[in-house]
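I would like to see how this sequence folds:
(one chain, ligands or ions: 2)
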Amino acid sequence: MPSEFELIARYFSRPAGPGQLGVGDDCALFPVPSGSHVATSTDLLVEGRHFYPDVDPAALGHKSLAVNLSDLAAMGARPLGCVLGLALPRADDAWLAPFSQGWHALADTWQCPLIGGDTTGSALGLTISVTVFGAVQAGQALRRDAAMPGDDIWVSGELGAADVAYRLLDGQLAADPVRLAATRRALEWPQPRVGLGLALAGLAHAAIDISDGLLQDLGHILAASKVGAQVRYADLPVAASLEGLDEGVRRRAVLGGGDVYELCFTAAPSDRERVQQAAHGAGVRVTRVGSVQADSGLAVLDAAGRPMAELPAGFDHFPASARP
Ligand code: ADP
Ligand code: MG
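Numbers count the residues shown, from 1 in each chain. Ligands and ions are numbered 1, 2, ... in the order given. Got it, this is the predicted structure:
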């Protein structure tokens with residue numbers, strides 16, 4: 001079992017980025033491009049609530065950083081660096097090695113070096129705290145309050161697979177090893193759309209990453225922008241791995257399923273071609289799924305253009321029965 005300092009040196013001391021002071025001093029230092037704002041976001045991941053105790057540690061390292069990079073993507077920000085807080089039940093090399101590998105591989109992909117953190121023991125299970133820093137040109141950030149009436153609504157990638165995998169693992173859906181094998185990667189190895197977010201900065205209007213379900217997260221854009229929207233159910237990009245599922249399960253997964261980490265964004269109809277080019281350049285598929293309206297409210301239209309009833313709600317960490 002490594003000591004705290006051996007553990008940090010072995011698993012979390014990596015070269016910092018150009019001009020940066022990374023792990024090893026009292027604070028990390030990093031330069032910020034001139035004319036940019038710092039975008040920062042933090043997430044707390046708690047064993048039993050955000051991940052299963054027996055989840056693959058490499059996937060957990062990846063996902064812990066991925067969900068934070070996804071927030072930078074949704075803001076159109078370029079990653080600068082990240083910090084990691086760990087409360088560990090034990091200092092276990094067999095867990096730390098794959099966890100840190102999963103983390104650093106994604107950090108390298110998006111040039112988001114680990115520049116600091118904190119490590120402590122824990123008597124109450126594993127807790128992971130991640131903070132990312134990014135840079136976005138002043139005035140170009142993709143804010144939630146910037147949707148305009150008449151905007152197209154776009155979604156990147158595909159919807160639904162992570163929710164189905166989650167419900168299969170949680171026992172809410174009957175065991176189905178074939179379906180689980182087809183959907184599990186979406187839940188455990190989400191790919192943050194950093195390149196797409198960068199390509200959309202200054203082009204798209206509002207954006208959000210889908211963590212709690214399309215309807216709930218789009219609802220945040222609409223509320224912040226004081227607008228409404230219509231979404232066409234038949235146009236939503238549904239993962240092929242959902243084929244053959246019961247319609248109720250499918251609908252809940254596509255409209256209400258969380259852990260997606262795709263971007264939902266709005267842009268002017270006159271910019272359709274530019275949006276497609278931005279997505280092509282980032283190597284990500286984007287689909288136009290609806291439009292923003294001046295009137296408040298969010299309607300999901302069926303294939304006949306009628307508003308669908310019984311829409312699923314998103315995930316709430318404090319359901320009414322458990323509010324503090
Ligand atoms: P301090 O006493 O100043 O808080 P620590 O002994 O906690 O310093 O940490 C020593 C160095 O290791 C610091 O640079 C800190 O940012 C870094 N560090 C500690 N834990 C982690 C971690 N989990 N990931 C990355 N860096 C870490
Ligand atoms: Mg410390």
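
can you give me the strands in this protein?
36-46, 78-88, 114-121, 127-137, 152-156, 207-209, 228-232, 263-267, 286-293, 298-301 (DSSP state E).

compare those strands and give me the one nearest ligand 1.
Within the strands of the chain, the stretch nearest ligand 1 is strand 114-121; the backing value is 2.8 Å (C-beta to the nearest ligand atom). All C-beta spots, glycine's among them, are computed from the backbone N, C-alpha and C.

what packs against the closest one?
Where contact means 3 or more C-beta pairs under 8 Å, 6 or more residues apart in numbering; DSSP states H and E, strand 114-121 is packed against strand 78-88, helix 93-109.

these two touch, right, P237 and A279?
No - between P237 and A279 there is no contact under C-beta atoms under 8 Å: 11.9 Å.

more neighbours: those two, which one.
A279 (22 against 19; other C-beta atoms under 10 Å).

for the more buried one, which non-adjacent residue is closest in space?
Nearest residue to A279 in three dimensions, chain neighbours excluded: V286, at 4.1 Å (C-beta to C-beta, 6 or more residues apart in numbering).

overlap of the contact sets of P237 and A279?
Contact criterion C-beta atoms under 8 Å, 6 or more residues apart in numbering; residues shared by P237 and A279: R285.

and the stretch 51-200 of the chain, which of its residues are near ligand 1?
Selection of the stretch 51-200 of the chain residues close to ligand 1 by C-beta under 6 Å from any ligand atom yields L84, L86, L114, G116, G117, D118, T119.

the second one pairs with what?
Under the criterion DSSP bridges, L86 forms beta bridges with T119, I128.

ok, how many other residues are close to the residue nearest to G19 when sequence neighbours are not counted?
For G19, ignoring the flanking residues on the chain, the nearest one in space by C-beta to C-beta, 6+ apart is P31 at 4.8 Å. Applying other C-beta under 10 Å, we find 11 residues neighbouring P31.

how about A123?
A123: 6 neighbours (other C-beta under 10 Å).

and for V284?
Residues near V284, counting by other C-beta under 10 Å: 18.

so how far is ligand 1 from it?
Taking C-beta to the nearest ligand atom, to the nearest Å as the measure, V284 falls 30 Å from ligand 1.

with P98 instead?
Shown here: P98 relative to ligand 1, a distance of 15 Å by C-beta to the nearest ligand atom.

of the residues of the stretch 51-200 of the chain next to ligand 1, buried ones?
L84, L86, L114, G116, G117, T119 (16 or more other C-beta atoms under 10 Å).

and the residue nearest in space to the middle of the chain, its phi and psi?
With distances taken as C-alpha atoms, centre = their mean, Y261 lies nearest the centre of the chain, 3.3 Å away. Note on Y261: backbone dihedrals following degrees, to the nearest 10 are phi 60, psi 30.

how about it: what's its closest non-neighbour residue?
Distances taken as C-beta to C-beta, 6+ apart put P190 closest to Y261, at 3.9 Å, once the chain neighbours are dropped.

let me see the contact set for that neighbour.
Going by C-beta under 8 Å, 6+ apart, the list of residues near P190 reads K63, A66, V67, S70, A162, D259, V260, Y261.

look up how far Y233 lies from the fifth one.
To tie it back to what came earlier, the one meant is A162. Distance, A162 to Y233, using C-beta to C-beta, to the nearest Å: 19 Å.

pick out whichever of these two has more residues nearby.
A162 (25 against 17).

list the contacts for the residue of the stretch 151-300 of the chain found nearest ligand 1?
Closest approach between the stretch 151-300 of the chain and ligand 1, counting by C-beta to the nearest ligand atom: P192, at 19.3 Å. Applying C-beta under 8 Å, 6+ apart to P192 gives the contacts A66, V67, L69, S70, L72, A73, L106, W110, D209, Y261.
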